[in-house]
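S.K.: Got a sequence here, can you model it:
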Amino acid sequence: MPKLALQISAQLTNVQKLRPATDDAALMMRVKCSSCHEEHKKEVSFSPLDEVDVQGGKGKANFVMSCQFCKRPASANFETPTAKAPLYQPYDGPDFATLCVLEFRGMEPVGFVFEHTTWRAVSEAGAAFAELEFEDGEWTDYDEKGGCEVSVMEVEARWVRA
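M.R.: Residues are numbered from 1 along each chain as shown. The predicted structure is shown next:
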């Protein structure tokens, strides 16, 4: 089954690293059925901590659903993290870079929603911003340690084969 990498891109100002706030952070996505190509009506949440039985006793997955239109089963799994490849890789801009890798069965991602995930950033001066949230794809703050503005603007996401 296809492994797809979620890649992000953003314009960083005085920020050197951006990633989800915790290793168990849930990601919100829009998905569609691989069989009938019907897009799911709501955004769905994928958490690396969730373990759900796959229909038919075929193991476990981080996310399981059935298509609302054709009723076919679908599942997704985060790639197992290693010492060299953590679950969420920090983004340091400016080009697209892989945030995480998931394996999809019976569904395809069609979008990613930044606003529903809590993020963590580190400024160039080393100040940590532990629980930032995007508003309309943007985040700004002030770095007391560095005495400058910090921001993440123009966030984008795309899915590519891993």
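
S.K.: Okay, now the unreliable bits of the protein?
M.R.: The model of the chain has pLDDT under 70 over residues 1.

S.K.: same thing but at 80, please
M.R.: Across the chain, residues meeting the criterion (pLDDT under 80) sit at 1, 56-58.

S.K.: In it, which residue is most central in space?
M.R.: By Cα atoms, centre = their mean, the chain has its centre lying nearest to residue 27, at 4.7 Å.

S.K.: can you tell me which residues contact it?
M.R.: Shown in contact with residue 27 (Cβ atoms under 8 Å, 6 or more residues apart in numbering): 6, 20, 45-47, 100, 112, 117. No exception for glycine: its C-beta is placed from N, CA and C like everyone else's.

S.K.: Could I get the buried residue list for stretch 136-149?
M.R.: Neighbour-count burial for stretch 136-149 flags 139, 141, 143 (criterion: 16 or more other Cβ atoms under 10 Å).

S.K.: Show me the contact partners of that stretch.
M.R.: With Cβ under 8 Å, 6+ apart, stretch 136-149 has contacts from 13-14, 114-115, 119, 121, 123-127, 129, 132-133, 150-155.

S.K.: Among these, name the buried ones.
M.R.: Listed as buried from the contacts of stretch 136-149 are 14, 114, 119, 121, 123-124, 127, 129, 132, 150-152, 155; burial here means 16+ other Cβ under 10 Å.

S.K.: thinking again about what came up before, restricted to helices, list the contacts of stretch 136-149.
M.R.: Nothing among the contacts of stretch 136-149 maps onto helices, per DSSP state H.
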